[in-house]
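A.B. asks: With the sequence up front, the predicted model follows.
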Amino acid sequence: MERIKQALEQAARERDSAPDPAGRRTDSVRTLNGAAAAGYVPPAEVRYTATKTIQVSLATRERNRLAASIPGHPLRDTYRMLRTRVLQELKANSWNSIAVTSPSSGCGKTLTAINLAISLAMDHSHLVLLVDGDMRKPSVHTYFDYQPEFGIHDCISDDVPLSDALFHPGIDRLTVLPGRSSIDESAELLSSPKARSLIEDVRSRYADRIIVVDVPPVLSVDDALTLAPNIDCMLMVTENGGTTRDELYRALDLLDGIPVLGTVLNKSDTKVKTPY
């Protein structure tokens, strides 16, 4: 809570002053949370044969603010810092999954989740699966200028094979499980046995894979709370000048008992030393 308090104080000061989900891999050794076994070095590149690969141009990445994938982008180091802090927490607790949420809409949680996933994938010790868990407003695929034929809810509701929904956006070690179209009964679907089975499958299939899930705002719907028991921890994204102290504390109260790594202060013009 001390880190959250510091983030709030920083924000106040600034306002006042202004089935083979990852594709086939050439290695056969799996290690818990990326810890290297004797003689095992994760490959710099992964060969995808079962997952559709799309090419995302530099112009698209720039237009859609995929900063972590753009060489020389001023925010790239910021996401690397966030990646380092997240990896420290995941490794310390033997975790491999994190959900990214926010108190309310408009905080930039989806773009934060995408850039975090990209940055994590650039660490050669891991595979990363980015999951669009915001079934009411699925948008992860739009940042890659891609319209999927199948989405996560098709896999849960209609038994569509996971490999038919996944796509690889041309960024080494990153795979995406997108949404497709909006559904209203998302919380009920996420709490179903099929959803729990799918999440457990993607979490356990590769021991050196990290799962990043974009989930709806905590104060808007109960999807994040529904998904929480199946995810190790959460990251809270707040909007500088938009998220109020009351909104943040109400969101954290609802997540009581669920590990929250910290908060990301988004849309700030002032560079801070840490995103927590």
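C.D. replies: Thanks, I have the structure now. Computed from a predicted model, the values in this text were never measured in an experiment.
A.B. asks: going forward, measure contacts between C-alpha atoms and count neighbours the same way
C.D. replies: OK.
A.B. asks: Alpha carbons only: can I get stretch 136-149 in PDB?
C.D. replies: Output of stretch 136-149 as PDB, limited to C-alpha atoms (Å, rounded to 0.1, in the frame of the first residue of the first chain):
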ATOM      1  CA  ARG A 136     -17.200  -7.100 -23.600                       C
ATOM      2  CA  LYS A 137     -14.800  -4.800 -25.500                       C
ATOM      3  CA  PRO A 138     -12.200  -6.900 -27.200                       C
ATOM      4  CA  SER A 139      -9.600  -4.700 -28.800                       C
ATOM      5  CA  VAL A 140      -6.100  -6.200 -28.500                       C
ATOM      6  CA  HIS A 141      -6.300  -7.500 -32.100                       C
ATOM      7  CA  THR A 142      -7.000  -4.000 -33.400                       C
ATOM      8  CA  TYR A 143      -3.600  -2.700 -32.300                       C
ATOM      9  CA  PHE A 144      -2.000  -5.300 -34.700                       C
ATOM     10  CA  ASP A 145      -4.500  -4.300 -37.500                       C
ATOM     11  CA  TYR A 146      -5.800  -7.900 -37.500                       C
ATOM     12  CA  GLN A 147      -9.300  -9.200 -37.600                       C
ATOM     13  CA  PRO A 148      -9.400 -12.800 -36.200                       C
ATOM     14  CA  GLU A 149     -11.700 -15.500 -37.500                       C
END
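A.B. asks: what sits opposite the residue nearest the centre of the chain in the beta ladder?
C.D. replies: The chain has Val212 as the residue nearest its centroid, 3.0 Å off, counting by Cα atoms, centre = their mean. Val212 forms beta bridges with Ile98, Leu130, as assigned by DSSP bridges.
A.B. asks: residues contacting Ile183?
C.D. replies: The contact partners of Ile183, by Cα atoms under 8 Å, 6 or more residues apart in numbering, come to 135-136.
A.B. asks: repeat for Met236
C.D. replies: Contacts for Met236 (Cα under 8 Å, 6+ apart) come out as 100-103, 109, 260-264.
A.B. asks: next one: Ser105
C.D. replies: 217, 220.
A.B. asks: Neighbours of the nearest residue to Met236 once chain neighbours are set aside, how many?
C.D. replies: In space, and not counting its chain neighbours, Met236 is closest to Thr263: 4.6 Å by Cα to Cα, 6 or more residues apart in numbering. Other residues near Thr263 come to 23 when the count uses other Cα atoms under 10 Å.
A.B. asks: Repeat that for Asp134.
C.D. replies: Counted with other Cα under 10 Å, Asp134 comes out at 25.
A.B. asks: Quick one, grab the pLDDT at it.
C.D. replies: Note for Asp134: predicted pLDDT of 95.
A.B. asks: next SSE after the least confident helix or strand in the chain by mean pLDDT?
C.D. replies: Here the helix or strand of the chain ranked lowest by mean pLDDT, DSSP states H and E is helix 2-17, holding a mean of 46. Under the assignment DSSP states H and E, the closest C-terminal helix or strand after helix 2-17 is strand 52-53.
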